[in-house]
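*Asks:* coords below, sequence missing:
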């Protein structure tokens with residue numbers, strides 16, 4: 001009895017395998033045709049298929065990332081990052097949305113801005129266009145979608161300022177997440193400048209979007225609780 005039952009089960013399983021294999025092969029050869037044959041058509045359901053943009057692959061180039069240095073009028077220099085969107089779709093940089101053809105600057109400040117120490121979005125873009133950034137040395141690299149996600153992760157958890165994670169330590173951390181051009185992590189502005197030059201950095205080559213004051217923000221908090229707060233006028237009243 002047991003042998004008869006086992007033979008019956010084996011026969012059923014064999015029949016299923018024989019039926020599934022051709023279907024699997026057909027799907028592999030033309031998955032779209034098979035899938036469309038197995039699912040209701042738009043005409044049958046009376047609805048239009050929604051248009052959903054394709055998610056970029058991690059290797060897709062969606063923009064550029066620049067690491068910049070300028071000898072500051074109030075310190076030994078300032079280092080920051082600028083990201084430009086060269087794609088056809090908006091993308092998120094940390095907590096900020098960058099439209100196609102636009103960019104965002106990212107800088108870490110101590111007490112040189114009225115809204116306090118920490119991460120700022122677009123201080124350099126706004127003040128650089130307002131007061132000038134002559135003498136800036138910058139290196140630029142392509143930015144892939146995968147590296148953009150890594151940059152955003154750093155930003156969402158990178159709102160702090162200390163002797164190591166100063167403007168330079170912050171900028172080098174973001175640059176390392178966004179670029180394959182390795183620059184040693186030495187959080188001293190002039191040393192970072194040497195790394196920029198080593199990778200072919202050019203003088204006065206950086207152009208940043210001229211953003212209005214309303215698009216300059218200070219990040220408050222970190223992680224899931226983080227948000228952007230518009231800066232006060234006092235944070236915009238001086239050069240970089």
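*Replies:* All right, it came through fine. Worth saying up front: this structure is predicted, and the values here are computed from it rather than measured.

*Asks:* distance check, the residue positioned nearest the centre of the chain against residue 179.
*Replies:* Centroid-nearest residue in the chain, with CA atoms, centre = their mean: residue 148, separated by 2.5 Å. Distance, residue 148 to residue 179, by CB to CB, to the nearest Å: 11 Å. C-betas here are computed from N, CA, C, even on glycine.

*Asks:* now swap in residue 100 and tell me
*Replies:* Distance, residue 100 to residue 179, using CB to CB: 21 Å.

*Asks:* one step back: assign the residue nearest to the centre of the chain to helix, strand or coil.
*Replies:* Following DSSP: H, G, I helix; E, B strand; the rest coil, we place residue 148 in the helix state.

*Asks:* hmm, residue 110 is touching residue 162, no?
*Replies:* No: using CB atoms under 8 Å, residue 110 makes no contact with residue 162, being 9.3 Å away.

*Asks:* please pull out the lowest mean pLDDT helix or strand from the protein.
*Replies:* Within the chain, confidence by mean pLDDT, DSSP states H and E is lowest for helix 31-38 among all helices and strands, at a mean of 34.

*Asks:* ok, now how distant is residue 177 from residue 157?
*Replies:* Per CB to CB, residue 177 is found 11 Å from residue 157.

*Asks:* ok, the two, which is more surrounded?
*Replies:* Per other CB atoms under 10 Å, whichever of residue 177 and residue 157 has more neighbours is residue 177, with 19 against 14.

*Asks:* mind listing what that one touches?
*Replies:* By CB atoms under 8 Å, 6 or more residues apart in numbering, the contact list for residue 177 reads 147, 150-151, 153-154.

*Asks:* note down every partner strand of the longest strand seen in the chain and its orientation.
*Replies:* Determined from DSSP state E, the single longest strand within the chain is strand 61-70. Sheet pairing for strand 61-70, assigned by DSSP bridges, gives strand 78-85 (antiparallel), strand 137-144 (antiparallel).

*Asks:* returning to what we had before: residue 100 and residue 179: which is more packed in?
*Replies:* Taking neighbours as other CB under 10 Å, residue 100 and residue 179 compare with residue 179 leading, 23 against 13.

*Asks:* enumerate every residue touching that one.
*Replies:* Contact partners of residue 179, counting by CB under 8 Å, 6+ apart, are 65, 67, 141, 143, 147.

*Asks:* so residue 86 makes contact with residue 60?
*Replies:* No: at 10.9 Å, residue 86 does not count as touching residue 60 under the criterion of CB under 8 Å.

*Asks:* tell me, what's touching those two both at once?
*Replies:* Taking CB under 8 Å, 6+ apart as the contact criterion, no residue touches both residue 86 and residue 60.
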